[in-house]
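# The following comprises the amino acid sequence and a computationally predicted model.
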Amino acid sequence: MKVHFIAIAGSAMHNLALALHQKGYSITGSDDEITEPAKSRLEKAGIMPEKTGWYPEKITQDLNAVILGMHARADNPELVTALEKGVKVYSYPEYLYEQSKTKTRVVIGGSHGKTTITSMILHVLKSTGRAFDYMVGAQLEGFDTMVKLTADAPVMILEGDEYLTSPIDRRPKFHWYKPHVALLSGIAWDHINVFPTFENYVDQFRIFIDKIEPGGQLIYCNNDKVLKDLCEEGQVKAKRHPYTIPPHEIRDGKTYLTVGGELKEIELQIFGSHNLMNLEGARLVCEAIGVTAAEFYKAITTFKGAARRLELILRTSELVVYKDFAHSPSKLKATVEAVRNQYPKHELVACMELHTFSSLNETFLNEYAHSMDKADEAIVYFNPKTIEHKKLKPITPDMVKNAFKRNDLKIFTNSEELKKYLTGRGFTKSALLMMSSGTFDGIDLKKLAQEVCA
């Protein structure tokens, strides 16, 4: 099989290219910019394009498929040539579906928790020695790539993103996957540049539910009222399995899951109500594909969490520092509350970066009201140049303070000033939580943690 990738260097795209290369396919690709880690990984596999740019001559009739990445534009010269020559063009999710047609497809969707739940399931399946294919939205510890495709694995675990499929297909990615087992973790309005109203956003999940294969199963979080109402609509044909927060205790900064039976309780390496709900959802998915409760609980005790999801950076007798991917209002609130509950006697300093299109939108900003109330000190960082780059209307510190509904909110618009404040502040019996889907404009969080406690 010969496959060509248009925009091969994207996070998802280069991982799919590596997975197909490992499967024995002949891979070529193009991109106008190739950065790390894609550059090194593609070079090591021997499928790195010789030079950057778009080259229509690479599109030949003997190609079995062209895979189009989101980074490419609709007028990309290679795409135009492929369409003119009649070479089959697939989007990323469409091609994953093609690769999984003969398998049991498990799709993890929802506005939050997708990567964590998918990671939990993959961890358990690997720990129990089962064969499986997968696609997950982050690089996980113990897994070489974000995508694995084989001929023999009977099941494929897919993280189901509701964002756009490709430059020429405006449907959400997860509409392609047609699951046999589906999980939805919650619905919180996001991607307002694509889904302009909350109702329109909810509709995408309704369509996803309708695409569950006949006789399939729908696992959903019962604590989310919008999701609960959606999943309990009369036209839903799938067998439904609601879940909630499982019984647990927090003792001396550690979370113990009450499981009953011979085990009675198990110590977890993760914490927070949202993570416990994620765990319960993952357990039900694993049960649906043949993993026993005993197997699940034994495996989950060694799960440390997905990268950048409440990831512990530093722990001393006086300070714990975590980083988290939280950026939307619901994720922000859940993460802050998780750290508050885990460390009730610590001073909690929560710092987040407004970085995404939605978070920097003047109208959407008001969705953040009270999302950081549980923190003793709340800090918000944003870069006006990022707003300018995204071609959005400017926002001001006063607008941010009013939106968060917190008068003592500290706001920074310069990353060096933020770093200077944190390193000079002084922390005693404290928890510092750094939250962003970006990088706080280049702040090395591990180095920052060391400097903060120096």
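Perfect, thanks for sending it.
# ok, now how distant is V147 from K39?
V147 sits 18 Å away from K39, going by CB to CB, to the nearest Å. C-betas here are computed from N, CA, C, even on glycine.
# More neighbours: which of the two?
More neighbours surround V147 than the other of V147 and K39, with 24 against 15 (other CB atoms under 10 Å).
# wait, the more buried one sits on A19?
Yes - contact between V147 and A19 holds when scored by CB atoms under 8 Å: they sit 4.0 Å apart.
# and K298, how far is that from T258?
The gap separating K298 from T258 is 16 Å, by CB to CB.
# The two: which has the busier surroundings?
Set K298 next to T258 and count neighbours by other CB under 10 Å: K298 wins out with 15 against 12.
# Next up, the contacts around the more buried one.
By CB atoms under 8 Å, 6 or more residues apart in numbering, the residues touching K298 are S127.
# Equivalent analysis for L332, please.
So L332 contacts 326, 352, 368, 371-372, 435 (CB under 8 Å, 6+ apart).
# please redo it, this time with the cut-off set to 10 Å
By CB atoms under 10 Å, 6 or more residues apart in numbering, the contact set of L332 is 324, 326, 350, 352, 359, 367-368, 371-372, 404, 433, 435.
# Any of those buried? List them.
Among these, those scoring as buried are 324, 326, 350, 352, 359, 367-368, 371-372, 404, 433, 435 (criterion: 16 or more other CB atoms under 10 Å).
# so what sits against both of V147 and A19?
Common neighbours of V147 and A19 (CB under 10 Å, 6+ apart) are 96, 99, 133-135.
# how about TSV for the residues you listed, with distance to I395 added?
Formatted as TSV, the shared contacts of V147 and A19 follow (distance: CB to CB, whole Å):
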residue	distance to I395
L96	37
Q99	43
D133	43
Y134	39
M135	35
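# of all these, which comes closest to L312?
Y134 (24.9 Å; CB to CB).
# mind checking the longest helix of this protein?
For the chain, the longest helix by residue count, based on DSSP state H, is helix 273-288.
# Show me what secondary structure element comes after that one.
Counting by DSSP states H and E, the next helix or strand C-terminal to helix 273-288 is helix 293-300.
# what comes up buried for that following helix?
Judged by neighbour count using 16+ other CB under 10 Å, the buried positions of helix 293-300 are 295-297, 299-300.
# Pull the CA coordinates from that helix and hand them back as CSV.
C-alpha atoms of helix 293-300 as CSV (Å, rounded to 0.1, in the frame of the first residue of the first chain):
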residue,chain,number,x,y,z
ALA,A,293,-13.4,-5.8,37.6
ALA,A,294,-10.5,-7.5,39.4
GLU,A,295,-8.3,-7.1,36.3
PHE,A,296,-9.3,-3.5,36.0
TYR,A,297,-8.7,-2.5,39.6
LYS,A,298,-5.3,-4.3,39.7
ALA,A,299,-4.1,-2.5,36.6
ILE,A,300,-5.5,1.0,37.4
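# Buried residues in the helix or strand following it, which are they?
Sequence-wise, the next helix or strand downstream of helix 293-300 (DSSP H and E) is strand 311-315. For strand 311-315, burial by neighbour count (16+ other CB under 10 Å) applies to 311, 313-314.
# so which of the shared contacts of V147 and A19 is the most crowded?
When neighbours are counted by other CB under 10 Å, M135 leads the shared contacts of V147 and A19 with 28 neighbours.
# Can you list the residue ranges for helices in this protein?
Ranges of helices in the chain, per DSSP H, are 11-22, 38-45, 77-85, 92-99, 114-127, 198-210, 225-231, 273-288, 293-300, 329-342, 384-389, 397-404, 415-425, 445-452.
# Identify the residues contacting the third one?
If I follow you right, that is helix 77-85. Outside helix 77-85, the residues that reach it (CB under 10 Å, 6+ apart) are 4-7, 29-30, 53-61, 63, 65-66, 68, 72-74, 76, 87-89, 166-168.
# Please indicate which of those residues are buried?
Buried by 16+ other CB under 10 Å: 4-7, 29-30, 54, 58-59, 63, 65-66, 68, 72, 76, 87, 89, 166-167, out of the contacts of helix 77-85.
# if we can go back for a sec, least confident pick among the contacts of L332?
Minimum pLDDT for the contacts of L332 is recorded at A326 (80).
# residues contacting G29?
G29 sits next to 3-9, 13-14, 17, 38, 42, 47-49, 58, 66-67, 69, 78 when contact means CB under 10 Å, 6+ apart.
# got it, and L432?
Per CB under 10 Å, 6+ apart, neighbours of L432: 313-314, 319-323, 339, 346-351, 377, 379, 422, 425, 445, 448-449, 452-453.
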